[in-house]
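Visitor: no letters, just coordinates:
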């Protein structure tokens, strides 16, 4: 029997990596006042369930970029932060293109051995049902978590 839930690893105090079946990794961390979820996975599992369980304070969601393995569960939130240059990559005009790219994920997962190692099926792959409101997040943006900050740096 394979693994049927993402693997959650505590990598530092109040900081967790959420490995979504070897295809994507999201991260959640928090301070005394707020938290931050970095990416929402590839859509094989509702990352919000895990983030809500782990994070003990209200949290914001930030997408590092507009690739399907980073925005798969973005529709579980009403708003997410993302760099404005990526806004146009997730639009109704490009929806057909994005869905076609997303449809290739099961083939990639098979190639990487995902279905051998995990107890999941291609039918679980979830394309976002809606697009949340995108909030601009650019270099220098600071998330104040209470007791610490998270500073955005673009590489």
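Guide: Yep, that arrived. Only a predicted model underlies this, so the values are computations on that prediction, with no experimental measurement involved. Numbering: from 1, shown residues only.
Visitor: mind jotting down where the strands sit in this protein?
Guide: Using DSSP state E, the strands of the chain run over 7-12, 15-20, 24-30, 35-38, 59-62, 79-82, 133-136, 142-144, 149-151.
Visitor: so who does the residue nearest to residue 138 when sequence neighbours are not counted touch?
Guide: Leaving aside its chain neighbours, residue 138 sits nearest to residue 83 (6.1 Å; criterion: Cβ to Cβ, 6 or more residues apart in numbering). Glycine gets a C-beta too; all of them are placed from N, C-alpha and C. Residues near residue 83 by Cβ atoms under 8 Å, 6 or more residues apart in numbering: 65, 136-138, 154.
Visitor: go on, residue 2?
Guide: Contacts of residue 2 (Cβ under 8 Å, 6+ apart): 116-120.
Visitor: if you set the cut-off to 6 Å instead, what comes out?
Guide: Residues near residue 2 by Cβ atoms under 6 Å, 6 or more residues apart in numbering: 118-119.
Visitor: what does the pLDDT read for it?
Guide: Reported pLDDT at residue 2 in the predicted model: 75.
Visitor: cool, residue 104 as well?
Guide: You'll see residue 104 listed with a pLDDT of 81.
Visitor: tally up the residues packed near it, please.
Guide: 10 (other Cβ atoms under 10 Å).
Visitor: and the gap between it and residue 30?
Guide: 34 Å (Cβ to Cβ, to the nearest Å).
Visitor: quick check: chain neighbours aside, which residue is closest to residue 128?
Guide: Per Cβ to Cβ, 6+ apart, closest to residue 128 is residue 75, 3.8 Å.
Visitor: correct me, but the one you found touches residue 127?
Guide: No: using Cβ atoms under 6 Å, residue 75 is not in contact with residue 127; the gap is 8.8 Å.
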